[in-house]
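> Generate a structure from the sequence data that follows.
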Amino acid sequence: MLGIVLPLLLAAGWELAVRGGFAQGRLMPPPSRIFATLADLVRSGELWTHVVATLWRVMAGFALGAAAGTLMGALSGSSETVRRLVDPTLQSLRAVPSIAWVPLFLLWLGIFEASKVALIAVGVFFPVYLGVASAIEGIDRKLIEVGRVFRLGRVAMVRRVLLPAVLPAWLTALRSGLGLGFMFVVAAEFMGASEGLGYLLTDGQQMGRPDRILAAIITFALLGKLCDTILVLLTRPLVRWQDTARGRL
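Prediction:
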């Protein structure tokens with residue numbers, strides 16, 4: 001609950017500034033007007049339609065991008081040949097802005113869901129790939145030697161040594177990929193979408209309604225935080241064995 005304090009203080013400060021006449025609040029509406037807009041969207045059911053559409057696209061793109069990024073990262077990190085073959089190309093593509101993929105995916109996949117999910121998957125792929133590949137490359141050589149001293153087989157070596165060494169970095173990469181998925185969905189929903197929070201942003205801009213734009217941004221923030229929290233809770237048992245000093249720093 002402590003994390004709510006800062007947003008509440010900022011919202012209260014801006015509300016007081018507008019009500020006290022220190023700011024107009026025309027282009028940056030006060031929180032009371034934004035929440036009134038959110039309430040209207042909720043009552044009409046429009047907000048839920050946009051949230052469900054955006055959430056489905058993000059989850060579908062996240063699943064595809066995370067699976068592909070994990071597989072390619074594992075291959076690149078564990079094989080010098082694969083790394084030299086594919087890593088330069090992938091690192092070059094990683095620098096391409098998200099909006100640059102939009103016209104290409106429109107030509108390839110059309111304006112329907114496939115192009116939107118593909119764009120989100122591209123955004124998720126790169127941080128997951130980089131996180132997994134870097135984690136495998138960074139495994140301490142002494143851990144492998146200890147496993148060999150205990151005569152662990154290939155499967156046991158992966159389960160007892162390699163997987164625990166890679167898992168924390170992989171989970172962090174998944175969180176980064178999920179965050180980029182929500183960033184890429186905005187560009188995806190510019191591609192002829194008739195529903196979704198990205199469409200709500202565009203609609204607010206075209207109608208000159210900053211309250212709708214900010215309502216969509218706040219919904220994005222809450223939805224992204226909720227999904228990130230769920231991901232952390234679901235994966236926390238996988239790293240319960242870690243003995244970290246975070247609570248004592």
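
> Could you list the low-confidence segments of this structure?
Counting by pLDDT under 70, the chain contains low-confidence residues at 243-249.

> So which bits of whichever strand or helix holds residue 233 are buried?
Applying DSSP states H and E as the criterion places residue 233 in helix 210-235. Within helix 210-235, the residues that qualify as buried by neighbour count (16 or more other C-beta atoms under 10 Å) are 210-220, 223-224, 227, 231, 235. Every residue, glycine included, has its C-beta placed from N, CA and C.

> chain center to it, what's the gap?
Its chain's C-alpha centre lies 10 Å from the corresponding centre of helix 210-235 when counted by C-alpha atoms, centre = their mean, to the nearest Å.

> One more: stretch 19-37?
30 Å.

> give me phi/psi at residue 97?
Dihedral angles phi and psi of residue 97 (degrees, to the nearest 10) take the values phi -60, psi 150.

> any idea how far residue 130 is from it?
Using C-beta to C-beta, to the nearest Å, residue 97 is found at 17 Å from residue 130.

> Need the three-state assignment for residue 194.
Three states are possible here, and by DSSP: H, G, I helix; E, B strand; the rest coil the one that applies to residue 194 is coil.

> okay, now it: neighbour count?
Summarising burial for residue 194: neighbours were counted as other C-beta atoms under 10 Å, giving 10.

> any idea how far residue 4 is from it?
Using C-beta to C-beta, residue 194 is found at 34 Å from residue 4.

> what does residue 14 give?
Relative to residue 4, and taking C-beta to C-beta, residue 14 is found at 16 Å.

> who has more neighbours, the two?
A count of neighbours by other C-beta under 10 Å puts residue 14 above the other of residue 14 and residue 4, at 19 against 8.

> May I have stretch 147-165 as CSV, with CA atoms only?
Coordinates of the C-alpha atoms in stretch 147-165 are reproduced here as CSV (Å, rounded to 0.1, in the frame of the first residue of the first chain):
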residue,chain,number,x,y,z
GLY,A,147,28.5,-30.8,-11.0
ARG,A,148,31.1,-32.9,-12.8
VAL,A,149,32.9,-33.7,-9.6
PHE,A,150,29.6,-35.2,-8.3
ARG,A,151,29.3,-37.0,-11.6
LEU,A,152,26.0,-35.5,-12.6
GLY,A,153,24.5,-36.7,-15.9
ARG,A,154,23.4,-34.3,-18.6
VAL,A,155,19.8,-34.2,-17.3
ALA,A,156,20.8,-33.9,-13.7
MET,A,157,23.3,-31.1,-14.6
VAL,A,158,20.6,-29.1,-16.3
ARG,A,159,18.1,-29.6,-13.5
ARG,A,160,20.5,-29.2,-10.5
VAL,A,161,23.0,-26.6,-11.8
LEU,A,162,22.1,-24.9,-15.1
LEU,A,163,18.3,-24.3,-14.5
PRO,A,164,18.7,-22.7,-11.0
ALA,A,165,21.5,-20.5,-12.4
